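J.: let's see this in three dimensions:
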Amino acid sequence: LLIEKAVSTKTRVIAPVDFTGRPAEMDAIMAAAKKHNLVVVEDAAHALGAVYKGKNIGSIADMTIFSFHPVKHITTGEGGAVATDDPVYYQELLKFRSHGITKEQGQLAELHGDWYYEMQTLGYNYRMTDIQCALGISQLDKLDRFVEKRRRIAGEYRERLAGLAEYLELPGDNTDASWHLYVIKVKSGPAERKRLYDYLHTRRVGVQVHYLPVYWHPYYRELGYKKGLCPRAEEFYSKALSLPIFPRMTREDMDRVCEELYRFFEVSRK
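T.: Coordinates of the predicted model:
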């Protein structure tokens, strides 16, 4: 693992990202963390409902974060959650989300009465509203259905776009992924990717590019980060194009996306 080479005496956390809803190699990551006494905080913002070797994402890492933004698998309007089965992390997270405050009697330095609470650490106002929580709980009942539809759409893309293998690299088949995004790669590179992006937008097909390497943003460039730092991420960015994928996507939507891709590359459907 490249992780092993990157670990130094300053390393405290490994933060794998389940990009597009496809789980990272969690067995190897957890083993590396155990070897070096590190904490694993899994970024599963794309991966609610995904499964890794029979285990639900959210049950493997020390802490796992999920996003409930409106474009994700379920939504609370905005916000997210952290999942953990570690009681120490759990108590610290409760304080962190609420101004560093606790009312747990076993944690208080003093006790003046049932009303008493203490701010014990620096925290923030990261609590969801009750309305957001109610919306999220109602959405959970739909999660399995939403994920299954995304998996079906990903499978159909893979089957329907097989005739464009000369031009496009499709993501590998992964039946346990939750497919927040479906990202193809335009083999010939960034110029062709831009032409395809522009063409599809003129045809009202909502494609997008995910993502610009983080250290290319001006904030990080001003801190001294330079292009070339992560060549694989840069190569991926230069060719990546996300196709529409969402639970209410119809067969007609799928037909139109695929037809426009074939038309752009002037390849006849078989």
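
J.: quick one: contacts for the nearest residue to Tyr52 once chain neighbours are set aside?
T.: Excluding the flanking residues, the one nearest Tyr52 by C-beta to C-beta, 6 or more residues apart in numbering is Pro23, at 4.0 Å. To be clear about C-beta, it is placed using only N, CA and C from the backbone, and glycine gets the same treatment. Residues near Pro23 by C-beta atoms under 8 Å, 6 or more residues apart in numbering: 44, 47, 50-52, 57, 176-177.

J.: any idea of the pLDDT on Gln91?
T.: As predicted, Gln91 sits at a pLDDT of 94.

J.: in the helix or strand containing it, which residues are buried?
T.: Taking DSSP states H and E as the criterion, Gln91 maps to helix 87-96. For helix 87-96, the neighbour count (16 or more other C-beta atoms under 10 Å) marks 89, 92-93, 95-96 as buried.

J.: how close does His180 sit to His99?
T.: 32 Å (C-beta to C-beta, to the nearest Å).

J.: cool, Gln120 as well?
T.: For Gln120, the distance to His99 equals 10 Å [C-beta to C-beta].

J.: can you give me the helices in the chain?
T.: In the chain, the segments counted as helices under DSSP state H are 2-6, 26-36, 87-96, 130-140, 143-160, 190-202, 218-222, 231-239, 251-264.

J.: rebuild these as TSV, extending it with distance to Val209.
T.: Below are the helices of the chain laid out as TSV (distance: least, C-beta to C-beta, whole Å):
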stretch	distance to Val209
helix 2-6	24
helix 26-36	27
helix 87-96	33
helix 130-140	28
helix 143-160	17
helix 190-202	7
helix 218-222	18
helix 231-239	7
helix 251-264	16
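
J.: which one of those helices has the poorest average confidence?
T.: helix 2-6 (a mean of 89).

J.: in PDB, list the C-alpha atoms belonging to that one.
T.: The C-alpha trace of helix 2-6 is given here as PDB (Å, rounded to 0.1, in the frame of the first residue of the first chain):
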ATOM      1  CA  LEU A   2       1.100   3.500  -0.700                       C
ATOM      2  CA  ILE A   3      -0.300   4.400   2.700                       C
ATOM      3  CA  GLU A   4       2.600   2.500   4.300                       C
ATOM      4  CA  LYS A   5       5.100   4.700   2.500                       C
ATOM      5  CA  ALA A   6       3.300   7.900   3.500                       C
END
